[in-house]
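> mind looking at a prediction? Sequence and model below.
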Amino acid sequence: MTSTPEHPPLDIVVVENVDVIRRGLMSLPLTHPGVVASVRAFADVDDIDFSAPAPHVVVLDYWLGREDRPSLAHVERLHDWGALVVLYTTEEHPHPLRLAMRAGIDGLSLKNDGIDALVATISSVGRGETVLSSPLARALVSDQALRASLTTTEIETLRALALGKTPQEIATMRSVAPSTIGTHIEHIRAKYAPSGGKVNRARMVHLGMQDGYVDRRDADEDPENT
């Protein structure tokens, strides 16, 4: 892809904690000179010198090595700096990516879509467009069918499990038979393992967080594997 007088190459800042990915993206001025003029790369947003001139686009990793703290809180700060933000991520669960869209990112590129898709996303965002890098990316932020559909009772049960409650404790709290709670749990298992695979309690809670049914702050840090 070559630049035109209307769309000159862009200055980029990359925020990525994985060294090999960060180093690879630093080569974009060589591999895609028509789109990328320069790259400054950092392992964390806090490493950036915000007194320096803002780039056209910041390429931001979602988790930066911390699955308990996404980088979305920095989007407003990067916008205030004067940069557009492209989220570049391996995250492929609908709820986190929908949170990213609500946080105001200007583009989304899945790492599995490849480097050319990222460059195309950067280019389009630099022209003022909001871009998702692939049909999968678009589906993840828009297709409700990609999220497990839990009933209200199943959501309440899953949240109680996340808080470390046993089925017996949940049954007592809700004044129902323990077998009823067991049935809810099995329904949740089935929805998170439609092919019949084994899904333990920890995995159900994790997937519930990914789908937005469970708040990460409420999850028990060491749920039992039942």
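Here it is on my side, so go on. Numbers count the residues shown, from 1 in each chain.
> can you pull the buried residues of the helix ranked longest in the chain?
Longest helix in the chain by number of residues (criterion: DSSP state H): helix 178-192. Across helix 178-192, burial judged by 16 or more other C-beta atoms under 10 Å covers Ile181, His184, Ile185, Ile188, Arg189, Lys191, Tyr192. Using the backbone N, CA and C atoms, a C-beta is placed for each residue, glycine as well.
> which regions of the protein lie under the pLDDT threshold?
For the chain, applying pLDDT under 70 flags the ranges 1-6, 67-68, 144-146, 194-198, 216-226.
> how much space separates the closest residue to Ile155 other than its chain neighbours from Lys191?
Of all residues not flanking Ile155 in the chain, Tyr213 sits nearest, at 5.1 Å (C-beta to C-beta, 6 or more residues apart in numbering). Tyr213 sits 11 Å away from Lys191, going by C-beta to C-beta, to the nearest Å.
> now Leu60. Its backbone dihedrals?
Per-residue torsions, Leu60: phi -120, psi 130 (degrees, to the nearest 10).
> please apply the same query to Thr89.
Dihedral angles for Thr89 - degrees, to the nearest 10 - are phi -150, psi 150.
> contacts only, for the closest residue in space to it that isn't next to it in sequence.
Using C-beta to C-beta, 6+ apart and skipping the chain neighbours, the partner closest in space to Thr89 is Tyr62 (3.9 Å). With contact set as C-beta atoms under 8 Å, 6 or more residues apart in numbering, Tyr62 has these partners: Pro70, Ser71, Leu72, Leu87, Tyr88, Thr89, Thr90, Glu91, Pro96, Ala100.
> buried subset of those?
In the contacts of Tyr62, the ones that pass as buried (16+ other C-beta under 10 Å) are Pro70, Ser71, Leu72, Leu87, Tyr88, Thr89, Glu91, Pro96, Ala100.
> would JSON lines of those with secondary structure and distance to Val58 be doable?
JSON lines is the format used below for those (DSSP: H, G, I helix; E, B strand; the rest coil; distance: C-beta to C-beta, whole Å):
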{"residue": "Pro70", "secondary structure": "coil", "distance to Val58": "15"}
{"residue": "Ser71", "secondary structure": "helix", "distance to Val58": "10"}
{"residue": "Leu72", "secondary structure": "helix", "distance to Val58": "13"}
{"residue": "Leu87", "secondary structure": "strand", "distance to Val58": "10"}
{"residue": "Tyr88", "secondary structure": "strand", "distance to Val58": "10"}
{"residue": "Thr89", "secondary structure": "strand", "distance to Val58": "13"}
{"residue": "Glu91", "secondary structure": "coil", "distance to Val58": "17"}
{"residue": "Pro96", "secondary structure": "helix", "distance to Val58": "18"}
{"residue": "Ala100", "secondary structure": "helix", "distance to Val58": "13"}
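> and the protein, what are its domain boundaries?
10-144, 152-218 (automatic domain parsing).
> now Val39, what's its secondary structure?
Following DSSP: H, G, I helix; E, B strand; the rest coil, the label given to Val39 is strand.
> what comes into contact with the longest helix of the chain?
The contact list for helix 178-192 (C-beta under 8 Å, 6+ apart) reads 148-151, 153-154, 157-158, 161, 167-168, 170-171, 174, 199, 203-204, 207-208.
> can you pull out the helices in this protein?
Along the chain, counting by DSSP H, helices occupy 19-25, 28-31, 75-81, 94-103, 115-126, 135-142, 152-162, 167-174, 178-192, 201-210.
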